[in-house]
Structure formats: C-alpha cells, structure tokens
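S.K.: Mind looking at a prediction? Sequence and model below.
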Amino acid sequence: MDGPRSYTMRARADAKAATRLRVLRAVLELSEEKMTIEITLDEVASRAGTSVQTVLRHFGTRDGLLDEAVKLASAEVEQERRAPVGDVGGAIQAIVAHYERRGDHVLRLLGQEHDPRIAAVVEPGKRLHRRWVEDVFRPQLDARPPGDRDALVDLLVVATDLYTWKLLRRDRGLDAATTQARMHTLVAALLAGD
C-alpha cells in the first residue's frame, strides 16, 4: 500500500523542485538581459512557464526570489572558478573561462552597485575573488615573508580581476586565448618578483 503513495509524494517533490529551479533559472536569465530592478514577477513566471502565484508560493516575495537566485548563482560561480591549488596556468584558465561565461553580466551588475540589493550581490563577489586568490596561490603565498603576503595578494587580485579581463578582452579586443596568456604573464611576473 505504501508504494504508490510514496511514489506519488516523490513525484510531487521532484516536480516542485523542478519548478523552483526553472523559476530561479528564469531570474538569472533575465538578469543577464536587463537591470535587476526592471525584472518583474510576471516576466519571471512567463519565462519559467508558471504563474506569479506559483512563484510567490515558492519564494514568498520578489525579494525572497532574488535572494534565492543570488544563492544559486553564487554556488555556480564558486564551482566555475575552481582551480588546482598552486597551478598558475590552471588558475588563469579557470578564471578566464569564468569571465567569458559571466564577465559582461557581472560588469553590468557592478554598474548598478549603488543599488543596495545589487551591492549585496557584488560585495560578496569581491570577497570571493580575494579568497580565491589566497586559496589558489596558497603555496606561492606561503613561501613569502608574512609582510610581503598582503601586498602580493593585492597585486594578484588586480592581475586576475574582472576589470583586467575587461581591459584586455573588451577594451583592447583581444581574443580569449591572448587575454589568458597576458593575465598569465602578469601573475607569473608577480610570483617571480622579489
């Protein structure tokens, strides 16, 4: 007796999770097309193939929806940026691939950071980038005297920053491979310096 009921409950839970993910994906897609403040619940529901009432049932409010979308995007960003610790080439390859995927979108977000909701998204991203530098280049940083470490982290953050990618990729018009090579040259020079 318990089998069919258990199956039905499982199917409902799976359907609910799929709807929730479709709604979150819709928000993320829309945020790549327009400013976050312009995104409406009607647009989200339409893109997700559901109703506004369903969106609200899952997330409570528009703010709740946006908060959950930020959590999903943050988890994806951390995954995209993973690189082998101590591997300069692998780190630069990972960060450039990440910027190729999300760089233009994040630049648009940075242009809106005067909005407290957007600032709440980009500020953790800035801290994430610094932690990424400290984690990925840990062996090279640990080999330095403690007084030099903070300065080197600052410089590595700049050499691998989104704006560095933008200057090379968008402003100079270089291709992704050349951008990656130039960022690698910057990082290698910093790590080799006295």
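M.R.: Structure received.
S.K.: how near is Val153 to Ala159?
M.R.: 11 Å (C-beta to C-beta, to the nearest Å). The C-beta positions use only the backbone N, C-alpha and C, and glycine is treated the same way.
S.K.: Also Thr36?
M.R.: As judged by C-beta to C-beta, Thr36 and Ala159 stand 29 Å apart.
S.K.: So for these two, which sits in the more crowded spot?
M.R.: Ala159 (21 against 18; other C-beta atoms under 10 Å).
S.K.: give the contact list for the more buried one.
M.R.: Met183, Leu186, Val187, Leu190 (C-beta atoms under 8 Å, 6 or more residues apart in numbering).
S.K.: what's the helix or strand for the second one?
M.R.: If you go by DSSP states H and E, Leu186 is part of helix 176-192.
S.K.: Mind listing what's buried along that helix?
M.R.: Neighbour counts using 16 or more other C-beta atoms under 10 Å place Thr179, Gln180, Arg182, Met183, His184, Leu186, Val187, Leu190, Leu191 of helix 176-192 among the buried residues.
S.K.: cool, and stretch 56-75?
M.R.: In stretch 56-75, counting by 16+ other C-beta under 10 Å, buried: His58, Phe59, Arg62, Leu65, Leu66, Glu68, Ala69, Val70, Ala73.
S.K.: Remind me which helix or strand the first one belongs to.
M.R.: Assessed by DSSP H and E, His58 sits inside helix 52-59.
S.K.: need the next SSE after that helix, C-terminal direction.
M.R.: Counting by DSSP H and E, the next helix or strand C-terminal to helix 52-59 is helix 62-80.
S.K.: and the gap between Glu78 and Glu29?
M.R.: In terms of C-beta to C-beta, Glu78 sits 20 Å off from Glu29.
S.K.: Below-threshold pLDDT in the protein: ranges please.
M.R.: Within the chain, the stretches with pLDDT under 70 are 1-3, 7, 194.
S.K.: any idea how it splits into domains?
M.R.: Following automatic domain parsing, one gets these domains for the chain: 2-68, 81-192.
S.K.: contacts for stretch 185-194?
M.R.: Val88, Ala91, Ile92, Phe137, Gln140, Leu152, Leu155, Leu156, Ala159, Thr160, Thr164.
S.K.: Please state the offset of that stretch from the chain centre?
M.R.: Averaging C-alpha positions (C-alpha atoms, centre = their mean, to the nearest Å) puts stretch 185-194 26 Å from its chain's average.
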